[in-house]
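Novice: I need the structure of the sequence given here:
(one chain, ligands or ions: 1)
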Amino acid sequence: MSRRFLFVLGSARTEGNTELLAHAAAEQLPADVEQRWIRLADHPLPDFVDLRHASDHVRPPADSATGLLLEATLAATDIVIASPLYWYSVSGLTKRYLDHWSGWLRVPGIDFRATLAGRTLWGIAALADKEPSVADPYAGTLNNSAAYMGMRFGGVLLGNGSGPGDVLKDTDALTRAKTFFAQDAPLARFPYQDQAA
Ligand SMILES: Cc1cc2nc3c(=O)[nH]c(=O)nc-3n(C[C@H](O)[C@H](O)[C@H](O)COP(=O)(O)O)c2cc1C
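Specialist: Residues are numbered from 1 along each chain as shown. Down below sits the predicted model:
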């Protein structure tokens, strides 16, 4: 199956560091790999309302932000969460997108979890802090989400920067970007599964 990458941009500003780093990584993808880029700020999702146990679930209309993001997610073999580090985790825009996955798990006819199982989740994040370990909660959120969905997880590409464009001075991050998507992406496991092994 030819690969189709969906870049989900979660910054609250355009052309910020995360987006620049994501482009540096995407430049290395082979030409036959499809790329789709969606800025969550351009397609505001409604607040997630938890109707999981309360109502019939319908597929959101294709002309809504929710429908657009659902269709794009279903079509992707690789989902790249490109969110800056906000309060040590993903941005609010990104978290809202992930919250909608919980609703999509109940939409009849799409078998959201089975469709995403075996596909790959990746993370790309800019952060102001120079110490990468402060982003562990971010990596944990994505790893565990991938494990829950039966997805592969390719890890998180981090780059340092505060003001827009700063990440271009992080030459180590730009070097890591060159090979990021070439890395092996094993099936994600919860940390307790590794401890038990
Ligand atoms: C709401 C908010 C929360 C942030 N939280 C953190 C944080 O927890 N740790 C950190 O190192 N940087 C934090 N930052 C700084 C951003 O991660 C940094 O400016 C990054 O370069 C922004 O990426 P962008 O240009 O792609 O938007 C925060 C910035 C904002 C606006």
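Novice: ok, the residue of the chain found nearest the ligand - contacts?
Specialist: At 2.3 Å from the ligand, residue 16 is the closest residue in the chain, using C-beta to the nearest ligand atom. Where C-beta positions appear, they are placed from N, C-alpha and C, glycine not excepted. By C-beta atoms under 8 Å, 6 or more residues apart in numbering, the residues touching residue 16 are 84, 126, 164.
Novice: Tell me which other helices or strands the strand or helix carrying residue 146 touches.
Specialist: Using DSSP states H and E, residue 146 maps to helix 136-149. Counting contacts by 3 or more C-beta pairs under 8 Å, 6 or more residues apart in numbering; DSSP states H and E, helix 136-149 is packed against helix 92-104, strand 120-127, strand 152-160, helix 191-196.
Novice: Only the C-alpha atoms, please, for the shortest one, written as CSV.
Specialist: Taking only C-alpha atoms (Å, rounded to 0.1, in the frame of the first residue of the first chain), the coordinates of helix 191-196 have been written out as CSV:
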residue,chain,number,x,y,z
PRO,A,191,5.1,1.1,29.5
TYR,A,192,3.6,-1.6,31.9
GLN,A,193,3.7,-4.1,29.1
ASP,A,194,7.4,-3.6,28.7
GLN,A,195,8.0,-3.9,32.4
ALA,A,196,6.1,-7.2,32.5
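Novice: Show the contacting residues for residue 86.
Specialist: Here residue 86 is in contact with residue 92 (C-beta under 8 Å, 6+ apart).
Novice: One more: the one 5 residues further on?
Specialist: Contacts for residue 91 (C-beta under 8 Å, 6+ apart) come out as 10-12, 83-84.
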